[in-house]
Each structure stands twice: as C-alpha cells, then as structure tokens.
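Chemist: 3D, please:
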Amino acid sequence: MKKVTIYTDGACSGNPGVGGWGAILQCNGHEKEISGGDKLTTNNKMELLAVISALELLKEPCQVDLYSDSKYVIDAITKGWAVGWKARGWKKADKSPAKNVELWERLLNLLENHNVTFHWVKGHADNPYNNRCDELAVNEWKKLK
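Modeler: Down below sits the predicted model:
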C-alpha cells in the first residue's frame, strides 16, 4: 500500500456563511494542494469536504495519516460516533437527527477503501501544513464573497 500524508482544514465567514476548504496530499516526495468552497455552508461541512476531497483523489487503496484540527471530524470517526449514527438510521444517541448525513456517507464509504489513521492537530498553531490548509480555505471563501 502506498503511504500518503494528508492535512486538511475548513473555514467559514459566518456559520452558516461563505466557506472554503483546503488540503495537502504528500506521497513519495510529491505534494499536491487542493481547495474549494461554497457560498452558503457551515464550518463542519467544509472540514468534512476537505477530508473527503483529499481521499477521493487517491486512485488505489492507501495507508493514510490524516491530520485535521476538526474535533467534529476526528471524534466522529475515532470515537465511532458516525458509525453509530449510521447504524441508528442517522440518529444521534439522544435520538436527534445527525447533520451532514450525505457527507458522512461519502466519508464512511471512502474509509472502507483506505487504512486511515486520524490525527488531531491544534489549529492556528505551529503546524505549517495545517496553517497552509487554513490559508487555502480562507482564500477560497474570500473568492466567493
């Protein structure tokens, strides 16, 4: 399996509001930056889209180390929340509806193809790749404003 490192971030101006996401993929000494945005979205959707968009670029099953500052994404996967929501018909433990179901479906499907280890990083701190992803995300929402 190829080893890939991915960094992701999402950003919003207003929540909901105009938003952007950015990701950096690294493999075998190569690096690729990707980004996108939406005129009306939420920060959590942008965080999810950054992860999904990066994983969708992988053309074969990979061993992935994924770094994100989103506790929403990291905890929902590593603590099994998203799998639980799906098992309960996209209901949370308190029976309220889960949000962003279509994005969680896409992410869970991608995770069946890749061996992904999720790592939380502190946002706006000393990780240059996370900071670059934030810059990519902010640049996207600024283009849409």
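
Chemist: how far does stretch 49-61 sit from the chain's center?
Modeler: The chain centre lies 10 Å from the centre of stretch 49-61; the measure is C-alpha atoms, centre = their mean, to the nearest Å.

Chemist: again with stretch 129-143
Modeler: How far stretch 129-143 lies from its chain's middle: 13 Å, per C-alpha atoms, centre = their mean.

Chemist: with stretch 13-21 instead?
Modeler: The answer for stretch 13-21 is 15 Å, by C-alpha atoms, centre = their mean.

Chemist: let's see it as PDB, backbone CA atoms only.
Modeler: Only the C-alpha atoms of stretch 13-21 are listed here, as PDB (Å, rounded to 0.1, in the frame of the first residue of the first chain):
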ATOM      1  CA  SER A  13     -17.000  33.500   7.300                       C
ATOM      2  CA  GLY A  14     -20.200  33.300   9.300                       C
ATOM      3  CA  ASN A  15     -21.500  30.000  10.300                       C
ATOM      4  CA  PRO A  16     -23.500  29.400   8.200                       C
ATOM      5  CA  GLY A  17     -21.900  31.600   5.600                       C
ATOM      6  CA  VAL A  18     -19.400  31.600   2.800                       C
ATOM      7  CA  GLY A  19     -16.900  28.800   3.300                       C
ATOM      8  CA  GLY A  20     -13.800  27.200   2.000                       C
ATOM      9  CA  TRP A  21     -11.700  24.100   2.500                       C
END
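
Chemist: what sits up against that stretch?
Modeler: The contact list for stretch 13-21 (C-beta atoms under 8 Å, 6 or more residues apart in numbering) reads 8-12, 35-43, 45-47, 49-50, 53, 136-145. Heads up, the C-betas are built off the backbone N, CA and C, glycines and all.
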